[in-house]
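> Pasting the sequence and the predicted coordinates here, then a few questions.
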Amino acid sequence: MATQYQAVGRRKTSVARVYLRPGSGNVVVNKRELKEYLPTEIRQRAATAPLDLTELRGQFDVLVNAKGGGLTGQAEAIQLGIARALIDFNEDLRKPLRDAGYLTRDPRMVERKKPGQPKARKKFQFSKR
């Protein structure tokens, strides 16, 4: 079997395991084509942005197992996973990917709900009397 590069990308509660294999540029997410899995153009472009930046779009087949969260979170998790796998492939790509912001793990998560409050930060209406 040919060489394979793998990495994990995360965003919110989404996790994407990404496998890069030398190939013709097919992107398969959870055994479905990218266009079928992420129907909107913006999410498709976000997910494959690192390949476009490094101009390696047609050189790799991308196989992704994504779970958790919503479609946007998964798309951005795929983006981080592809960027990390590309660095596995060629360390010289680190600087352009870092400068474009594709290697930064977005740490924003949903804040938990606290007891005695209706939501994470919202409080019940205060009544003085």
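Perfect, thanks for sending it.
> Please enumerate the helices of the protein.
Counting by DSSP state H, the chain has helices at residues 34-37, 41-53, 71-89, 94-99.
> Deepest-packed of those, please.
helix 71-89 (a mean of 24; mean count of other Cβ atoms under 10 Å). C-beta: built from backbone N, CA, C; applies to glycine.
> coming back round to it: take the helices of the chain and lay them out in a markdown table including mean pLDDT.
Listed next are these as a markdown table, based on pLDDT from 0 to 100:
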| stretch | mean pLDDT |
| --- | --- |
| helix 34-37 | 94 |
| helix 41-53 | 94 |
| helix 71-89 | 95 |
| helix 94-99 | 95 |
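> which stretch among those comes nearest residue 121?
Nearest to residue 121, of all the helices of the chain, is helix 71-89, at 21.3 Å by Cβ to Cβ.
> so how far does stretch 7-25 reach from one end to the other?
This stretch, stretch 7-25, spans 18 Å end to end (Cα to Cα, to the nearest Å).
> Sweet, I'm off.
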